[in-house]
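>>> no sequence on this one, just coordinates:
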């Protein structure tokens, strides 16, 4: 594995929450492959969401958390900056535009459908109205929600169904043309049909963007992902191609979890 | 049996408040009749407030106290709104956890101070400061407005803070996750989301400022004259009512009921507006 195929690389990464005496993540090493879907699985409390939330440093909204190690974000030339060294607000903004995030529950902003998608573009400093309009339309199409929303762009996003809201949130993130999209259990609040639509969408999106997804749903991980990392109690137990992890895991603990013996 | 009694009792309690409201309005309207017939709508523009000692009548107009009430409230709101918003934003979005509790407690305690204490403090301590820095007599519109602002800020800040606390953390996180700064998150997500509560707090504070008697009585100067400068003394509806009631007779009493009716209607309209915003679904 070389840096050519990686978009992100987690190296000896440890994370301790504010006020906690022991780290929640211990010396994690994990590559995130370009234009692939990497699933993080493991029982509750294993640290998979904590790891995901480190990748755009959203943890920094709450003071006192402690990082160690490196998380590198590679650009087209294979050069990678350590995102854990970011201190300036402008660099945080850049990071979060490069590494987008979708949350467990749909989080439409209290504004119109159009403005929800245009919002990130305006934050990014794009002023040209026709460019914004074009990118909003493209993002809504990419997120497979254009057909349902094109006649009601000026209406409040709060009026959409849960599944539609989640696709709107994906459109909002896609509009910024990020390198990486982080999904934190994106379908756990949705019904099976909406879940199916979101899964299809995620599979489609990997053409343009690298994806990391945290999921509790083992079928979802096996259906969707190319690579899977199994985590347990703050350690990364096993990482590999999804087929390998699910069909022929090397570690007994992974097998026990996947076959449902605990979790 | 117990159930019926309980139902009847709670029905009685609920209707009681309604009857008190209607009753007060009816009493004000009834006692204001004499002045209503004597002066009609012109009462609103009349600038004189003179008792004719001989026939126990006189000429009464509400313009000066109405203007005084509205201006002192306006000054208070102009000062209080940005400061209260600032406090609420600081407490919900910026302050370190350890600072939130002491500041919140201080604000709640400020809201609990009786208004007469604000009045005394304003008169003996604050009015001389206004006099030496801005000019004027010390007491007057500006002093009353500033102290009114200080009185309503804690109240407004506390309600606004509660409204802003209802914004789901994940909603703010998702704005940050798109590269928004704290200022942008407050402006584009927190304020619109909490809009109903914020506007409600402003209008409730406005109602309180309009009706405040004790502190304003100390500070506004209680003079029947139209202020030409912001530091000039004037009077307000509650202050005029409190000062004149003891000696008033006949037509003056009726004129005061007329003033009270105006204050009642204005306050009632504003509170209704606040309710409308509170119960309207936010975006």
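Received it, and whenever you're ready, just let me know what you need. Nothing here was measured: the structure is a model prediction, and the numbers come from that model. Numbers count the residues shown, from 1 in each chain, chains lettered A, B, ... in the order given.

>>> Which neighbouring elements make contact with the helix or strand containing residue A:132?
Using DSSP states H and E, residue A:132 falls within helix A:129-142. For helix A:129-142, the elements it packs on are helix A:113-123, helix A:146-149, helix A:162-174, judged by 3 or more Cβ pairs under 8 Å, 6 or more residues apart in numbering or on different chains; DSSP states H and E. Just so you know, the C-beta spots here come from the backbone N, C-alpha and C atoms, and that holds for glycine as well.

>>> Now residue B:248: phi and psi?
phi -70, psi 150 (degrees, to the nearest 10).

>>> where does the nearest residue to it once chain neighbours are set aside sit relative to chain A, distance-wise?
Nearest residue to residue B:248, sequence neighbours excluded (Cβ to Cβ, 6 or more residues apart in numbering or on different chains): residue B:256, at 6.2 Å. Here the criterion is Cβ to the nearest Cβ, to the nearest Å. By it, residue B:256 lies 46 Å from chain A.

>>> any idea which element residue B:256 lies in?
Going by DSSP H and E, residue B:256 is in helix B:250-279.

>>> Ok, residue B:127 next?
helix B:127-133.

>>> Pull out the buried residues from that helix.
B:127, B:130, B:131 (16 or more other Cβ atoms under 10 Å in any protein chain shown).

>>> So which of those is the closest to residue A:233?
residue B:130 (64.6 Å; Cβ to Cβ).

>>> quick one: stretch A:70-86 near chain B?
No: counting by Cβ under 8 Å from any Cβ of the partner chain, chain B is not contacted by stretch A:70-86; separation bottoms out at 12.5 Å.

>>> end-to-end on that stretch?
11 Å (Cα to Cα, to the nearest Å).

>>> what's in contact with it?
Contact with stretch A:70-86 is made by A:3-4, A:6-13, A:54-55, A:57, A:67, A:69, A:92, A:95, A:98-99, A:179-180, as judged by Cβ atoms under 8 Å, 6 or more residues apart in numbering or on different chains.

>>> switch to 10 Å and redo it
Contacts of stretch A:70-86 with the rest of the structure, by Cβ atoms under 10 Å, 6 or more residues apart in numbering or on different chains, involve A:2-13, A:15, A:28-32, A:34, A:51, A:54-57, A:60, A:67-69, A:91-95, A:98-99, A:179-180.

>>> burial count for residue A:255?
The criterion is other Cβ atoms under 10 Å in any protein chain shown. On that basis, residue A:255 has 16 neighbouring residues.

>>> Would you agree it falls within a helix?
Yes: with DSSP: H, G, I helix; E, B strand; the rest coil as the criterion, residue A:255 is part of a helix.

>>> Would you check that it makes contact with residue A:245?
Yes: Residue A:255 is within contact range of residue A:245, at 9.4 Å (criterion: Cβ atoms under 10 Å).

>>> follow-up on the earlier one: which neighbouring elements make contact with the helix holding residue B:256?
For helix B:250-279, the elements it packs on are helix B:2-31, helix B:33-39, strand B:49-52, strand B:57-60, helix B:63-89, helix B:195-211, helix B:237-244, judged by 3 or more Cβ pairs under 10 Å, 6 or more residues apart in numbering or on different chains; DSSP states H and E.

>>> Mean confidence (pLDDT) on it, please.
Summarised as a single mean, pLDDT over helix B:250-279 is 86.

>>> ok now it, how far from the chain's centre?
From the chain centre to the centre of helix B:250-279 is a distance of 12 Å (Cα atoms, centre = their mean, to the nearest Å).

>>> right, and the helix or strand after the helix holding residue B:127?
Next in sequence after helix B:127-133, counting helices and strands by DSSP H and E, comes helix B:141-165.

>>> Please spell out which residues along the helix holding residue A:132 are buried.
Of the residues in helix A:129-142, A:132, A:135, A:136, A:137, A:138, A:139, A:140, A:142 count as buried by neighbour count, 16+ other Cβ under 10 Å.

>>> Check stretch A:161-173 too.
By 16+ other Cβ under 10 Å, the buried positions in stretch A:161-173 come out as A:163, A:164, A:165, A:166, A:167, A:168, A:169, A:170, A:171, A:172, A:173.

>>> A helix includes residue A:40, no?
No: Residue A:40: not assigned to a helix; according to three-state DSSP it is strand.

>>> Now do it against residue A:184, distance only.
For residue A:40, the distance to residue A:184 (Cβ to Cβ, to the nearest Å) stands at 10 Å.

>>> more neighbours, those two?
Shown here are residue A:40 and residue A:184; by other Cβ under 10 Å, residue A:40 has more neighbours (28 against 22).

>>> Is the more buried one in contact with residue A:51, as I believe?
Yes: with contact defined as Cβ under 10 Å, residue A:40 counts as touching residue A:51 (6.4 Å).

>>> and of the buried residues of helix B:127-133, the nearest to chain A?
Proximity of these to chain A (Cβ to the nearest Cβ) peaks at residue B:130, which lies at 40.1 Å.

>>> okay, the closest one: pLDDT?
Residue B:130 is assigned a predicted lDDT (pLDDT) of 92.

>>> Please list all residues in contact with it.
When contacts are counted by Cβ under 10 Å, 6+ apart, residue B:130 touches B:122, B:136-140, B:142-144, B:146-147, B:219, B:231.

>>> Any regions of chain A where pLDDT drops low?
A:1-3, A:78, A:263 (pLDDT under 70).

>>> And the strands in it?
Using DSSP state E, the strands assigned to chain A run over residues A:6-16, A:25-33, A:37-41, A:66-74, A:80-82, A:99-102, A:180-184, A:210-214, A:227-232, A:235-241.

>>> Between those strands, which one is closest to residue A:128.
With Cβ to Cβ as the criterion, residue A:128 lies closest to strand A:99-102 of the strands of chain A, at 21.5 Å.

>>> Tell me which other helices or strands the closest one touches.
In terms of contacts (3+ Cβ pairs under 10 Å, 6+ apart), strand A:99-102 is packed against helix A:162-174, strand A:180-184, strand A:210-214, helix B:169-176.

>>> now that strand, how far from the centre of its chain.
Using Cα atoms, centre = their mean, the offset of strand A:99-102 from its chain centre is 5 Å.

>>> Return the nearest residue of the stretch 1-150 of chain B with respect to chain A.
Using Cβ to the nearest Cβ, the closest approach of the stretch 1-150 of chain B to chain A is made by residue B:96 at 6.6 Å.

>>> Now do the contacts for that residue.
A:63, A:64.

>>> what separates it from residue A:257, distance-wise?
Distance from residue B:96 to residue A:257, counting by Cβ to Cβ: 39 Å.

>>> before we move on, what about residue A:111?
41 Å.

>>> What is the end-to-end distance of stretch A:23-38?
End-to-end distance for stretch A:23-38, by Cα to Cα: 23 Å.

>>> just stretch B:181-188 next, same as before
Using Cα to Cα, the end-to-end distance of stretch B:181-188 comes out at 10 Å.

>>> swap in stretch A:83-103?
From its first residue to its last, stretch A:83-103 covers 21 Å (Cα to Cα).

>>> So which bits of it are buried?
A:83-84, A:86, A:92-103.

>>> Next step: these restricted to helices.
Of those, the ones assigned to helices by DSSP state H are A:92, A:93, A:94, A:95, A:96, A:97, A:98.

>>> Pretty sure residue A:181 is one of the things the fifth one touches, is it not?
No: here residue A:96 does not reach residue A:181: they are 11.7 Å apart, not a contact under Cβ under 10 Å.

>>> Report the set of residues contacting both of these two.
A:56, A:173.

>>> for the residue most central in space within chain A, what are its contacts?
Nearest to the mean C-alpha position of chain A, counting by Cα atoms, centre = their mean, stands residue A:182 at 0.7 Å. Contacts for residue A:182 (Cβ under 10 Å, 6+ apart) come out as A:8, A:32, A:40, A:49, A:51-56, A:58, A:99-103, A:173, A:210-214, B:177.
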